[in-house]
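K.L.:
need a 3D model of the following:
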Amino acid sequence: MLVVLRDGRKLHGVLRSYDQFANLVLEDTTERIYHGTAFAEHWHGLFLIRGENVVLLGEIDLDREDDVPLRQVDYHVLDPYHKADIAAKKEREELKAQVLYEQKGFCKEGGEGDGY
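P.N.:
Presented below is the predicted three-dimensional model:
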């Protein structure tokens, strides 16, 4: 299974259990990071995921996965690039939130009036 979390992490593993709240138990879990046409994996093993953090859950077709033109590299080689991508995305999101706040009157994430 592929599980995408709210914080952007992408986990691959074997689904062992789930419940009505989408809480998941994954076995033999690896976290994949991507940059350009390369990817790297970091092994985590058994992973318990709280359902509120699940954005996407899907089955991976192992036969078609080999057709994707990505090359696997060592995790430590790709990690700095991945962290830079995350920082750039965070900066873009903060700038967007600032523009929405100043020009359109939207509250910032977690700001006053955001709770219900």
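K.L.:
residues touching Arg9, list them.
P.N.:
Glu31 (CB atoms under 8 Å, 6 or more residues apart in numbering). For the C-beta atoms, the positions are set from N, CA and C on the backbone; glycine is no exception.
K.L.:
for it, give me phi and psi.
P.N.:
phi -70, psi 150 (degrees, to the nearest 10).
K.L.:
next: Tyr34.
P.N.:
Per degrees, to the nearest 10, the backbone of Tyr34 is at phi -130, psi 150.
K.L.:
run a quick neighbour tally on it.
P.N.:
By other CB atoms under 10 Å, the residues close to Tyr34 number 14.
K.L.:
state the pLDDT value of it.
P.N.:
Tyr34 is assigned a predicted lDDT (pLDDT) of 91.
K.L.:
from Ile60, how far off is it?
P.N.:
Per CB to CB, to the nearest Å, Tyr34 is found 15 Å from Ile60.
K.L.:
and stretch 45-62, what's buried?
P.N.:
For stretch 45-62, burial by neighbour count (16 or more other CB atoms under 10 Å) applies to Phe47, Ile49, Val54, Leu57.
K.L.:
just stretch 30-41 next, same as before
P.N.:
Neighbour-count burial for stretch 30-41 flags Thr30, Glu31, Arg32, Ile33, His35, Ala38, Phe39, Ala40, Glu41 (criterion: 16+ other CB under 10 Å).
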